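A.B. asks: The amino acid sequence is not available; the structure is as follows:
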């Protein structure tokens, strides 16, 4: 069963005490969610490399690359805001698109029609099989937040989990300010 508040274009926030090292304090953009499963990308785990360092023959491009998730870590994915300029893109929400023709992407970058502020690259992805994400929601592993294109294209990745949590308001503003580790001295 697909949960009502889990939809394409939402952000999944790992609950503050999640121990899974793949998802601890992550913000995941959900790009696909239906009866067959879910696909998303971790937005806040930069790897400190550019895409041209990872992909042979890619034009030099000073872009941030993040770990998208633990599934297929030998693949590259991208989310951008250039819409139909990149054929084959899938619209996630307004101003956020997933994928598109890779050769055309390289051409548009080489012609400087796509700039680093227009696109984010991901190594691997986060995936859930049928019903798995709904089950994890039932266990309280994730919180759902609204996505804003600024999270992807303007926010600092290392601050994103706290920023999205804070923007949820109410008690979440306190959770957002909690340190990553708590000392009981």
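C.D. replies: Happy to help now that I have it. Predicted model only: the values in this text are computed from it and were never measured.

A.B. asks: Isn't residue 153 up against residue 120?
C.D. replies: Yes: counting by Cβ atoms under 8 Å, residue 153 touches residue 120, with 7.4 Å between them. All C-beta spots, glycine's among them, are computed from the backbone N, C-alpha and C.

A.B. asks: Specify which residue of those two has the higher count of neighbours.
C.D. replies: residue 120 (25 against 17; other Cβ atoms under 10 Å).

A.B. asks: quick one: which helix or strand includes the more buried one?
C.D. replies: strand 119-129 (DSSP states H and E).

A.B. asks: and if you look at residue 103?
C.D. replies: helix 102-110.

A.B. asks: What of residue 18?
C.D. replies: Short version: residue 18 belongs to no helix or strand, going by DSSP H and E.

A.B. asks: How many residues are close by it?
C.D. replies: For residue 18, using other Cβ under 10 Å, the count is 17.

A.B. asks: So what's the gap between the helix holding residue 103 and the chain middle?
C.D. replies: Centre-to-centre, helix 102-110 and its host chain are 22 Å apart (Cα atoms, centre = their mean, to the nearest Å).

A.B. asks: relative to strand 119-129, how tilted is it?
C.D. replies: Per axes from the mean of the first three to the mean of the last three Cα atoms, to 10 degrees, the angle that helix 102-110 makes with strand 119-129 is 150 degrees.
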